[in-house]
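In: Sequence first, predicted model second:
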Amino acid sequence: MSIDIRPCADRDELREYARIVSYVFASEEGMEDELSATQPEWTVCAFVDGKMASTLGVWPFTVRLNGSPVPMGGVTAVGTLPNYRRRGLLRRTMRQALETMYERRQPLAILWASMAAIYQRFGYGLASTGVTYRFDPRLAALAQPIQDDGGRIELLSPEEAYPIIKPLFIAWATPRNLVIHRSAELWRVSTFRPPKKGLPVHVAVYRDGGGAPQGYAVYSVQGVEHQPDEGEQELRVAEFVALTPGAWASLWEFLRAHDLARRVEWKGVPPDDQAPELLLEPRVLNRRTQDAIWMRVVDAAGALAARPYGAEGRLAIRITSDPECPWNEGTWLLEAQGSRAEARRFDGEPDLTLPPAVLASLLAGHRSATFHARAGRLAVRDDHALRLADAMFRTEYEPFCPNGF
C-alpha cells in the first residue's frame, strides 16, 4: 500500500475532494459555492494507491486578534472515507498542513470542530464560545426604550446592501477579537448564504436621523409547519451589526415587527451581546452556549508577537511536548510594551508552563491564566506571574468569529 500526502493537482481532483467532503458530512448544501472559492494549493489530501482517501483544506485568512490583523490558516473540509479510517491518514494530513502553514508564516490555525475530540489530539485549544438565541419575538421586549435619533430601516437585497454594509462591518470588526477579514467570496459563501437553497436572503440597514448607515441585519424568513396556536414563519438571523445603541434597538424592534413570525433563531451571537442586559425578560432568549472556534499554535514565537496585550510586562512561557509542531517546544520570553510585543528563546526558569492548547486559549483571550491554573492545565511560578499573565492576555472584546468556513 502506497500513501502520498499532497495538495490537489487540479480542478478535477478538487471535484473528487468535494465529493469526499460531501459524503463525510452527508450534505451537498453549499458545496458548489465552496468548491468555486477553493484553490487546489489550499488543500492537503491523502492518496492511497493513487486514490484520494482523506481531505483537508486551509483557507488563507487574516483574522483580528485583540484588534490586530494576524495571518491564520482556516482549517476546513477535514474528512476520511470510512473504508480508509484507522490508518493514521488524518494525522499525516494534519501534520503536513501544519508544516505548510509554518512555512507560509501563518502562526495560528483555526477551525470549527465537527467533533472536538478529534482536534484536541492535535493540540487545538478552545478559543471562543458559540451562543444561540431562539425566541418568540412577541416576548422579547426591551425593558427600557432607547432614545430614538429619528432613524429609519431600509430593506435591501444582498447585492444592493453589500457596498453599504461592508464599511460598517469593517468599522465594527477592526477593534474586535477573532473576526476574519472578509473577502467578497467569504461574504458570498458564508454571510449571504441562505440556510436553505433557494430561500431569499434579506438585509435590513439602519440609517440614523442624518441618513448615515449605522447598522444592519442579514436574515431570511421561511414558512414552517405549525400547531393551531403558532405562527406561520421562522426568522433566521445570519448577522447583526450595530455601531450605536440606537441602531441596535431599532434593528431589534424591526425583527420583532414580523408579526407572522413566532420564532427567531440567531445562531451567531457574540458572547458579549447586550440583549440579556436590555430585555424585560432575558430568559425568553433561551440562550444556549457551546464550543465554537478551536485554535492551534503553529509558530509560538510568531503567535506570541502578533497580538497587542492588555498590559505591559515580561513573561517566560514554557511549552511542553508538541509532537505535531516540535519547533514550538521549549521556553519563550514574551516582552510586551505598548502595542508591540516580541518573543524569543529563553534559557531561564519559566513563569508559566503549559501545553499548546492552553497557550491558544490564552492568546485568543478565551480563558484567563488563573482559570487554567485552577483547572490544573497550567503551572505557574508564583502569584505575581499569574496576575501578570491575566493582565497581559486580557482582550478588549470576547473572542467571536461570525463566519463559518
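Out: Good, I have the coordinates. Numbers count the residues shown, from 1 in each chain.

In: And the helices in the stretch 51-200 of the chain, which stretches?
Out: Using DSSP state H, counting those that start in this stretch, the helices assigned to the stretch 51-200 of the chain run over residues 89-103, 116-120, 158-173, 184-186.

In: any idea of the mean pLDDT in the second one?
Out: I take that to be helix 116-120. The pLDDT scores in helix 116-120 average 96.

In: Disregarding residues adjacent in the polypeptide, which is nearest to Pro356?
Out: Residue nearest to Pro356 in three dimensions, not counting chain neighbours: Gly123, with 4.2 Å by CB to CB, 6 or more residues apart in numbering. Just so you know, the C-beta spots here come from the backbone N, C-alpha and C atoms, and that holds for glycine as well.

In: show me the contacts for the one you found.
Out: Arg296, Val297, Asp322, Glu324, Cys325, Pro355, Pro356, Ala357, Ala360 (CB atoms under 8 Å, 6 or more residues apart in numbering).

In: Ok, Asn66 next?
Out: By CB under 8 Å, 6+ apart, the contact set of Asn66 is Asn177, Arg307, Pro308, Tyr309, Gly310, Gly365, Thr395, Glu396, Tyr397.

In: Could you identify the buried members of the residues you listed?
Out: Among these, those scoring as buried are Asn177, Arg307, Tyr309, Gly365, Thr395, Tyr397 (criterion: 16 or more other CB atoms under 10 Å).

In: Can you tell me which of the residues you listed comes closest to Leu243?
Out: Using CB to CB, Tyr397 comes nearest to Leu243 of these, at 14.0 Å.

In: Need the three-state assignment for that closest one.
Out: Secondary structure, DSSP: H, G, I helix; E, B strand; the rest coil: Tyr397 is coil.

In: That one and Trp172: what is the separation?
Out: According to CB to CB, to the nearest Å, Tyr397 and Trp172 sit 10 Å apart.

In: still on that earlier bit, put together JSON lines for the contacts of Asn66, with pLDDT and distance to Trp248 on each row.
Out: Converted to JSON lines, these look like this (pLDDT from 0 to 100; distance: CB to CB, whole Å):
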{"residue": "Asn177", "pLDDT": "98", "distance to Trp248": "19"}
{"residue": "Arg307", "pLDDT": "96", "distance to Trp248": "27"}
{"residue": "Pro308", "pLDDT": "96", "distance to Trp248": "26"}
{"residue": "Tyr309", "pLDDT": "97", "distance to Trp248": "29"}
{"residue": "Gly310", "pLDDT": "96", "distance to Trp248": "26"}
{"residue": "Gly365", "pLDDT": "97", "distance to Trp248": "23"}
{"residue": "Thr395", "pLDDT": "97", "distance to Trp248": "21"}
{"residue": "Glu396", "pLDDT": "95", "distance to Trp248": "18"}
{"residue": "Tyr397", "pLDDT": "97", "distance to Trp248": "15"}
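
In: Going by distance to Ala9, which of the residues you listed wins?
Out: Checking the contacts of Asn66 against Ala9 with CB to CB, the nearest one is Arg307 at 36.3 Å.

In: That closest one: what's its closest spatial neighbour, skipping adjacent residues?
Out: Distance criterion CB to CB, 6+ apart; nearest residue to Arg307, sequence neighbours excluded, is Leu65 at 4.2 Å.

In: which residues touch Pro60?
Out: Contacts of Pro60 were listed using CB under 8 Å, 6+ apart, and they are Trp42, Pro71, Gly73, Gly74, Arg104, Gln106.

In: Quick check: phi and psi on the fifth one?
Out: Its backbone dihedrals place Arg104 at phi -90, psi 10, with angles given as degrees, to the nearest 10.

In: Contact partners for it?
Out: Taking CB under 8 Å, 6+ apart, one finds Pro60, Pro71, Gly73 in contact with Arg104.

In: ok, the second one touching Arg105?
Out: What that stands for is Pro71. Yes - counting by CB atoms under 8 Å, Arg105 is a contact partner of Pro71 at 6.3 Å.

In: Of these two, which one has the most company?
Out: Pro71 (17 against 10; other CB atoms under 10 Å).

In: Can you tell me how far the more buried one is from Ser36?
Out: Counting by CB to CB, the gap from Pro71 to Ser36 is 23 Å.

In: which secondary structure element contains the residue nearest to Trp112 when sequence neighbours are not counted?
Out: Leaving aside its sequence neighbours, Trp112 sits nearest to Gly404 (CB to CB, 6+ apart; 6.1 Å). If you go by DSSP states H and E, Gly404 is not part of any helix or strand.
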